[in-house]
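>>> Pasting the sequence and the predicted coordinates here, then a few questions.
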Amino acid sequence: MINVYGIKNCNTVRKALNWLEDNGIEYKFHDYKKEGVSSDKIGEWQKQVDWQSLINRKGTTWRKLEKEIQESIKDENSAAQLMQDNTSLIKRPIVEGPDSFLLGFDEGEYSAKLLS
C-alpha cells in the first residue's frame, strides 16, 4: 500500500487519487490540511527532493504571504517550519510507496513507478 499526502479539495490531488483508483492501487490518504504534518515527515521529504521543490509557489497561500516572509525562506529549516505552519504551501500530492516517491501528478511518471 502507498501513502498519499495532500488536500482533499485540490484538483491535482483528485486527479492522482482517481488515477490510483482507476489502476487498482490501494492507498491511504493523509489530509495535511486537517491532520497536519510532523517536522519529521517534512524532514523525510526533504531527503527525497530539495526543499524548494516542496513549496508550492504558484498557489494562493504563497501569494498571500507577506513579502518579508517569502524572502525569509532561505534553507531547509526555515522552509520546514513554514510548511508545518502553513500546510497549504506544500506541493501536492506527495505519494510514498515502498520503492517510490512522487511529487505532484504526472500520469507517465505514475505509470512508470507504480505499475511496474
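Cool, the structure landed. This structure is a prediction, so every number in the text was calculated from the model and none was measured.
>>> in the chain, which spans are helices?
Ranges of helices in the chain, per DSSP state H, are 11-22, 32-35, 39-48, 51-54, 60-64, 67-72, 76-85, 107-114.
>>> Next, the buried residues of the first one.
Within helix 11-22, the residues that qualify as buried are 13, 15-17, 19-20, counting by 16 or more other C-beta atoms under 10 Å. Placement of C-beta: from N, CA and C, glycine included.
>>> Quick check: nearest residue in space to Leu115, chain neighbours excluded?
Spatial nearest neighbour of Leu115, excluding adjacent residues (C-beta to C-beta, 6 or more residues apart in numbering): Asn23 at 6.4 Å.
>>> One more: Gln52?
Ala79 (7.5 Å).
>>> In this structure that neighbour contacts Ile73, no?
Yes. Using C-beta atoms under 8 Å, Ala79 is in contact with Ile73, at 5.2 Å.
>>> shared neighbours, those two?
Shared contacts of Ala79 and Ile73, defined by C-beta atoms under 8 Å, 6 or more residues apart in numbering, are found at Ile55.
>>> on that earlier part again, how many residues are close by the residue nearest to Gln52?
Ala79: 21 surrounding residues under other C-beta atoms under 10 Å.
>>> do Lys64 as well
Lys64: 10 neighbours (other C-beta under 10 Å).
>>> From Tyr5, how far out is it?
Look at Lys64 and Tyr5: by C-beta to C-beta, to the nearest Å, they are 22 Å apart.
>>> got it, and Asn11?
Distance, Asn11 to Tyr5, using C-beta to C-beta: 16 Å.
>>> before we move on, what about Leu102?
Distance from Leu102 to Tyr5, by C-beta to C-beta: 11 Å.
>>> what touches both of those two?
In contact with both Leu102 and Tyr5: 93-95, using C-beta under 8 Å, 6+ apart.
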